[in-house]
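# Build me a model from this:
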Amino acid sequence: PGAALAAALQQTAQQLAQEQTMASKVVASPGASHASHASFAAQLRRLEQQIELERRQVERRLDKMERRIEEVASLSTSSGRWAELQGHVDGLEESLQNL
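Residues are numbered from 1 along each chain as shown. From the prediction side, this is the model:
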């Protein structure tokens, strides 16, 4: 489940990057007045800033998720080793009791 979530977050980050690229390519029509062009440019800048903010938030979430996945994987590995060691100890205890 963690890998699927990480993949979904990466896909979202890529979509945000594509939206930012598309937004930066949009230009006002040649017949537009200077005032409407300036207004459009300001709106475009705000949109680009919002997209960049969202992209950074997604990246932070993805990084946090990756760290958590690594922690869980590390704990699973160490838990598995602990269980294996406990099995050996239990086996030795049983062998000693049989002697």
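# name the element residue 85 belongs to?
Assessed by DSSP states H and E, residue 85 sits inside helix 34-98.
# again, but for residue 21
Counting by DSSP H and E, residue 21 is part of helix 2-25.
# contacting residues around the most centrally placed residue in the chain?
Geometric centre of the chain, nearest residue: residue 62, 1.7 Å, by C-alpha atoms, centre = their mean. Counting by C-beta atoms under 8 Å, 6 or more residues apart in numbering, residue 62 touches 6, 9-10, 13. Where C-beta positions appear, they are placed from N, C-alpha and C, glycine not excepted.
# Return the distance of it relative to residue 19.
17 Å (C-beta to C-beta, to the nearest Å).
# rewinding a little: only whichever of the contacts of residue 62 are buried, select them in ChimeraX.
Burial among those is assessed by 16 or more other C-beta atoms under 10 Å; the matching ChimeraX selection reads:
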select :6,9,13
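# Which pair in the contacts of residue 62 has the greatest spatial separation?
6 and 13 (10.6 Å; C-beta to C-beta).
# would you put the C-alpha positions of stretch 64-72 in CSV?
Taking C-alpha atoms only, stretch 64-72 is exported to CSV below (Å, rounded to 0.1, in the frame of the first residue of the first chain):
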residue,chain,number,x,y,z
LYS,A,64,7.9,12.1,4.5
MET,A,65,6.1,9.0,3.1
GLU,A,66,9.3,7.6,1.7
ARG,A,67,11.1,8.0,5.1
ARG,A,68,8.2,6.4,6.9
ILE,A,69,8.2,3.4,4.4
GLU,A,70,11.9,3.0,5.0
GLU,A,71,11.4,3.1,8.8
VAL,A,72,8.6,0.4,8.6
